[in-house]
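>>> Have a look; sequence and predicted model below, questions after that.
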Amino acid sequence: MSSQAQIRRLTALDIRNRKSGDPIVSLTAYTAPMAALADRHCDFLLVGDSLGMVVHGLDSTVPVTLEMMILHGQAVMRGSQRALIVVDMPFGSYEESPEQAFRNAARIMQETGCGAVKLEGGQRMAPTIRFLVERGIPVMAHVGLTPQAVNVLGGFKAQGRNRDEWPAIIADAGAVAEAGAFAVVLEAVAEPLAAEIAGRVAIPVIGIGASSACDGQVLVLDDMLGLTGRVPKFVKLFGNLAEEVDKAVAGYADAVRSRAFPGPEHVYAVKD
Ligand code: KIV
């Protein structure tokens, strides 16, 4: 037997059992090195389709493909050991029918080895969530602002700022919990509504731009590291890596231009 203790990866059930417990910590991750850095601090890492905008420079998540999600999912699995890895189902890969959703979710799980998938939508997606869960696929739901619907919503707008929008959003969260989702992301929702949903729904509610009353929080890693420029109001910068990267690249450029790099310690001498 190996002398190294085996690290047990968290499962969807572990996250499900954290309802009303210690807050669940989560960030997005898209690459192996970032996953390795975030892994020991996070309960789950989300390979979000936000990677289309953050990594690939797209204007929205709509053009993201299944192949992109699988490639980044594989990288994040290789970089991490402990956190549950949840991979987003991209736009167009699950909405048509429960069968289409199963086929593509199974592909994501088989080809990445991740522990769960996430999909957007509330009441309308509940039958699909039930279909997947009954067939062995743990599903994290996503309600409130659903970025894949940006073209219908007319932009990335906070939801539930008018009280007459509340019943539909509450019903969405209730429907995905009832259908068997193990957790639900609640994005960009007015604070009192988010707190009410967290109190009502039986599964962990993971807030992003929602409320500290949620069972956990998720943020786009690159946003909170200050790497992405303009960020939504709900993002707090926990670092300023853009400044650090700029400083490092400028230092390198100066060193190259002044022939200070490579110095003697960075070149290979002939052996004899
Ligand atoms: O794609 C993503 O990063 C997400 C989070 C914003 C929750 O869905």
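Great, that's in hand.

>>> Tell me if I'm right that Gln217 and Leu27 touch.
No. Under the criterion of CB atoms under 8 Å, Gln217 makes no contact with Leu27, lying 9.1 Å away. Yep, even glycine has a C-beta here, placed from its N, CA and C like the rest.

>>> between these two, which one's more packed in?
A count of neighbours by other CB atoms under 10 Å puts Leu27 above the other of Gln217 and Leu27, at 25 against 18.

>>> my hunch is that the more buried one is in a helix, does that hold up?
No. Using DSSP: H, G, I helix; E, B strand; the rest coil, the assignment for Leu27 is strand, not a helix.

>>> Counting neighbours, what do you get for the residue nearest to it when sequence neighbours are not counted?
Nearest non-adjacent residue to Leu27, counting by CB to CB, 6 or more residues apart in numbering: Leu221, 4.4 Å away. Applying other CB under 10 Å, we find 27 other residues in the vicinity of Leu221.

>>> I'd like the distance between Leu221 and the ligand.
Distance of Leu221 to the ligand, given as CB to the nearest ligand atom, to the nearest Å: 9 Å.

>>> ok, that residue - contacts?
27-29, 34, 38 (CB atoms under 8 Å, 6 or more residues apart in numbering).

>>> Report pLDDT for the residue in the chain positioned nearest to the ligand.
In the chain, no residue comes nearer to the ligand than Gly48, which is 2.2 Å away by CB to the nearest ligand atom. Note for Gly48: predicted pLDDT of 98.

>>> What separation do you get for it and Pro147?
9 Å (CB to CB, to the nearest Å).

>>> Ok, Ala210 next?
The gap separating Ala210 from Pro147 is 14 Å, by CB to CB.

>>> thinking Tyr94 is in contact with Pro127, fair?
No. With contact defined as CB under 8 Å, Tyr94 does not reach Pro127; the gap is 11.7 Å.

>>> more crowded one of those two?
Neighbours per residue, other CB under 10 Å: of Tyr94 and Pro127, the larger number sits with Tyr94, 25 against 14.

>>> if I pick that one, what's in contact with it?
Contacts of Tyr94 (CB under 8 Å, 6+ apart): 100-101, 104-105, 119, 125, 128.

>>> So among the residues you listed, which ones count as buried?
With burial judged by 16 or more other CB atoms under 10 Å, the buried subset of the contacts of Tyr94 is 101, 104-105, 119, 125, 128.

>>> from those residues, which two are the most distant?
Farthest apart among these by CB to CB are Asn104 and Met125. That separation is 13.7 Å.

>>> Tell me where the chain has helices.
Under the criterion DSSP state H, the chain contains helices at 12-16, 32-39, 51-54, 66-79, 98-112, 126-134, 150-153, 166-178, 191-200, 221-224, 241-257.

>>> Compare the ones you listed and say which comes out lowest on pLDDT.
helix 150-153 has the lowest average pLDDT among the helices of the chain, namely a mean of 93.

>>> Does that helix reach the ligand?
No. Helix 150-153 stays clear of the ligand (CB under 6 Å from any ligand atom), getting no nearer than 12.1 Å.

>>> So which bits of that helix are buried?
Here helix 150-153 shows Val150 as buried, counting by 16+ other CB under 10 Å.

>>> what's that helix in contact with?
With contact meaning CB under 8 Å, 6+ apart, helix 150-153 is reached by 60-62, 145-146, 156.

>>> most neighbours, which of those?
Most neighbours among the contacts of helix 150-153, by other CB under 10 Å: Leu145, with 25 neighbours.

>>> Local confidence estimate at that one?
97.

>>> give me every residue that touches the residue lying closest to it once chain neighbours are set aside.
The spatially closest residue to Leu145, leaving aside those adjacent along the chain, is Ala188, at 3.8 Å (CB to CB, 6+ apart). Going by CB under 8 Å, 6+ apart, Ala188 touches 144-145, 156-159, 208-210, 232, 234.

>>> Go ahead and build a PyMOL selection from the buried members of the residues you listed.
Here is the PyMOL command that selects only those of the contacts of Ala188 that count as buried (16+ other CB under 10 Å):
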select buried, resi 144+145+158+159+208+209+210
